[in-house]
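S.K.: Output the structure for:
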Amino acid sequence: MLGCAQTGTGKTAAFTLPILHAMAKDPTAGKRKIRALMLCPTRELTAQIHENIELYAANLDIRSMAMFGGVSQKPQEKKLRTGVDILVATPGRLLDMISQRHVDLSSVEFLVFDEADRMLDMGFIRDIRKILAHIPERRQSLLFSATMPRPIVELSKDMLRDPVNVSITPESTTVEAINQSLMFVMKADKRSLLRHILLEENPEKMLVFGRTKHGCNRIVKILERDGFDALAIHGNKSQGARERALGRFRDGSLQILVATDVASRGIDVSDISHVINYDLPNEPEVYVHRIGRTGRAGQGGIAIAFCDEYEGEYLRGIEKTIRQEIPVDEDHPFHSERAKSRKGEKAPKKLRQGRRDGKGGRGARGKRSNSPPRSYNNRKSGEPLGKEKSGRSKKNQNQQSGGKKRRRSKGDNRRRQKHNRRGQN
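M.R.: Modelled structure (predicted):
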């Protein structure tokens with residue numbers, strides 16, 4: 001089965017409830033074996049699906065567990081030994097456990113790929129093929145995602161056999177309940193614009209998306225400097241830190257969560273009031289997932305996108321993907337006509353590092369060239385460096401040449417004796 005539906009519409013329940021129903025009607029005798037395997041691209045999404053399964057199966061004799069990296073595998077090994085019916089896992093940690101013979105997938109009846117497009121885009125295709133080699137060919141396979149681009153459909157043909165295609169809404173459309181707006185701003189003014197929005201609207205829960213891990217850390221420092229409580233979650237954070245930040249965001253003790261796209265598929269918080277695209281994503285489909293973190297379960301929400309003078313190309317791709325123009329909001333003190341005029345234009349290429357003028361010294365970006373000193377380049381072949389260049393004493397040079405001193409000839413000894421006699425006279 002190939003399923004496509006907007007984010008926040010209940011895909012997890014759509015594949016979990018029928019699987020639980022089928023397993024409850026046909027229980028297995030003896031030791032528990034893994035009958036259902038659900039693969040996810042991120043740790044957050046893995047934990048979220050496991051929580052939903054435990055909620056749905058609260059009154060059933062069905063056990064499940066979550067398996068992902070970033071934490072000790074000892075508790076996971078212990079739980080596997082007691083027996084598990086449903087395993088929710090990320091591909092990397094699952095392959096590690098398979099290689100250590102802690103996981104047996106020979107009894108899998110249901111195989112689910114959640115957020116399949118993201119999982120394959122993130123480079124998990126090789127891991128998935130290795131995992132498929134351990135799963136029986138006679139199984140039911142299901143792929144679910146909010147977007148289903150053509151390359152992913154072509155790739156899924158290798159994993160599915162004559163699939164039924166169920167598409168609830170056109171791919172890559174945005175939730176109508178979300179109030180979208182676009183703000184053109186110079187890159188240097190993004191910090192001030194974010195502060196302005198926080199002071200003007202005072203959101204209860206705001207999710208801010210950055211493009212890179214270091215960028216998210218910078219945004220958090222900026223917000224803390226301005227007196228706001230914010231935390232970041234991204235791939236460089238430990239799993240414990242990510243869970244604590246997400247836990248505080250869920251219970252309302254944290255107002256602002258700053259995240260990379262690792263969180264755009266794994267945050268299921270129903271009362272996020274604002275989503276801010278501080279940096280526009282370079283993949284248009286990601287925009288749909290980002291703003292889908294608000295407007296969950298049909299509720300309303302506000303999504304604001306910043307577009308600076310270098311992101312016009314990304315904006316054009318996003319509007320082409322969602323098949324609509326995002327309404328422009330010019331009613332803020334940092335509106336930039338220059339950024340607006342560059343909509344659709346490609347960002348200028350970065351200057352290459354290194355030498356620009358064919359000479360040594362600093363390059364165009366102010367960084368030193370990696371070329372060796374000119375005295376080294378201009379010396380004759382076989383000529384040793386001078387003492388001031390090499391930094392070695394004559395003693396060290398003698399040691400590196402074999403540790404032997406030059407033997408004096410008889411003529412040298414006579415001249416030395418004659419010189420000593422003249423000094424005595």
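S.K.: And the helices in the stretch 101-250 of the chain?
M.R.: Taking DSSP state H, counting those that start in this stretch to define them, one finds helices in the stretch 101-250 of the chain at 116-121, 125-132, 150-156, 190-201, 213-225, 239-251.
S.K.: got the buried residues for stretch 234-251?
M.R.: Neighbour-count burial for stretch 234-251, counted by 16 or more other C-beta atoms under 10 Å, picks out 234, 237, 242-243, 245-246, 249-250. Quick note: C-beta positions are derived from backbone N, CA and C, even for glycine.
S.K.: can you give me the end-to-end distance of stretch 103-116?
M.R.: End-to-end span of stretch 103-116 (C-alpha to C-alpha, to the nearest Å): 22 Å.
S.K.: same deal with stretch 166-184?
M.R.: For stretch 166-184, the end-to-end distance is 38 Å (C-alpha to C-alpha).
S.K.: Same question for stretch 226-238.
M.R.: Span of stretch 226-238 from end to end, C-alpha to C-alpha: 26 Å.
S.K.: cool, stretch 24-39 as well?
M.R.: 21 Å.
S.K.: Would you mark the buried spots in that stretch?
M.R.: 32, 34-39.
S.K.: now the buried residues of stretch 234-251 in JSON lines, with pLDDT?
M.R.: Formatted as JSON lines, these follow (pLDDT from 0 to 100):
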{"residue": "234", "pLDDT": "87"}
{"residue": "237", "pLDDT": "84"}
{"residue": "242", "pLDDT": "85"}
{"residue": "243", "pLDDT": "83"}
{"residue": "245", "pLDDT": "90"}
{"residue": "246", "pLDDT": "86"}
{"residue": "249", "pLDDT": "91"}
{"residue": "250", "pLDDT": "86"}
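S.K.: nearest to residue 272, of the residues you listed?
M.R.: residue 249 (8.5 Å; C-beta to C-beta).
S.K.: Look up how far residue 130 lies from that closest one.
M.R.: 35 Å (C-beta to C-beta, to the nearest Å).
S.K.: Please apply the same query to residue 205.
M.R.: Residue 205 is 39 Å from residue 130, by C-beta to C-beta.
S.K.: now do residue 260
M.R.: Using C-beta to C-beta, residue 260 is found at 26 Å from residue 130.
S.K.: The two - which one has more neighbours?
M.R.: Neighbour count, other C-beta atoms under 10 Å: between residue 260 and residue 130, residue 260 has more, with 21 against 14.
S.K.: Quick one, grab the pLDDT at residue 43.
M.R.: Per-residue pLDDT puts residue 43 at 86.
S.K.: Hmm, I typed the wrong one, I wanted residue 164.
M.R.: For residue 164, the predicted pLDDT is 88.
S.K.: what about residue 306, neighbour count?
M.R.: 23.
S.K.: One more: residue 59?
M.R.: Using other C-beta under 10 Å, the number of residues around residue 59 comes to 7.
S.K.: cool, and the one 5 residues further on?
M.R.: Other residues within reach of residue 64, judged by other C-beta under 10 Å, total 23.
S.K.: JSON lines for the buried residues of stretch 24-39, including secondary structure?
M.R.: What follows is the buried residues of stretch 24-39, written out as JSON lines (DSSP: H, G, I helix; E, B strand; the rest coil):
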{"residue": "32", "secondary structure": "coil"}
{"residue": "34", "secondary structure": "coil"}
{"residue": "35", "secondary structure": "coil"}
{"residue": "36", "secondary structure": "strand"}
{"residue": "37", "secondary structure": "strand"}
{"residue": "38", "secondary structure": "strand"}
{"residue": "39", "secondary structure": "strand"}
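S.K.: and of those residues, the nearest to residue 159?
M.R.: Among the buried residues of stretch 24-39, and counting by C-beta to C-beta, the member closest to residue 159 is residue 39, at 10.8 Å.
S.K.: thought that closest one was touching residue 92?
M.R.: No: between residue 39 and residue 92 there is no contact under C-beta atoms under 8 Å: 10.6 Å.
S.K.: Quick check: which of the helices of the stretch 101-250 of the chain is buried the most?
M.R.: Mean neighbour count (mean count of other C-beta atoms under 10 Å) peaks for helix 116-121 among the helices of the stretch 101-250 of the chain, with a mean of 24.
S.K.: what's that helix packed up against?
M.R.: On a contact count with 3 or more C-beta pairs under 8 Å, 6 or more residues apart in numbering; DSSP states H and E, helix 116-121 meets strand 140-145, helix 150-156.
S.K.: Can you tell me what sits against the shortest one?
M.R.: The list of residues contacting strand 140-145 from outside it, by C-beta atoms under 8 Å, 6 or more residues apart in numbering, reads 1-5, 11, 14-15, 109-118, 152, 156, 159-161, 163.
S.K.: Now do that strand: distance to the chain's middle.
M.R.: The chain centroid and the centroid of strand 140-145 are separated by 23 Å under C-alpha atoms, centre = their mean, to the nearest Å.
S.K.: what about dumping the CA coordinates of that strand to CSV?
M.R.: Presented in CSV, the C-alpha positions along strand 140-145 are these (Å, rounded to 0.1, in the frame of the first residue of the first chain):
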residue,chain,number,x,y,z
GLN,A,140,2.2,-6.8,3.9
SER,A,141,4.2,-3.6,3.1
LEU,A,142,2.9,-0.1,3.6
LEU,A,143,4.5,3.2,2.8
PHE,A,144,3.1,6.4,4.2
SER,A,145,4.1,10.0,3.8
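S.K.: What strands line up against that strand, and which way round?
M.R.: Counting by DSSP bridges, the strands paired with strand 140-145 are strand 2-4 (parallel), strand 110-114 (parallel).
S.K.: any chance of the buried residues of stretch 24-39 in TSV, plus pLDDT and distance to residue 313?
M.R.: Formatted as TSV, those follow (pLDDT from 0 to 100; distance: C-beta to C-beta, whole Å):
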residue	pLDDT	distance to residue 313
32	93	52
34	96	45
35	96	47
36	97	42
37	97	39
38	96	36
39	94	33
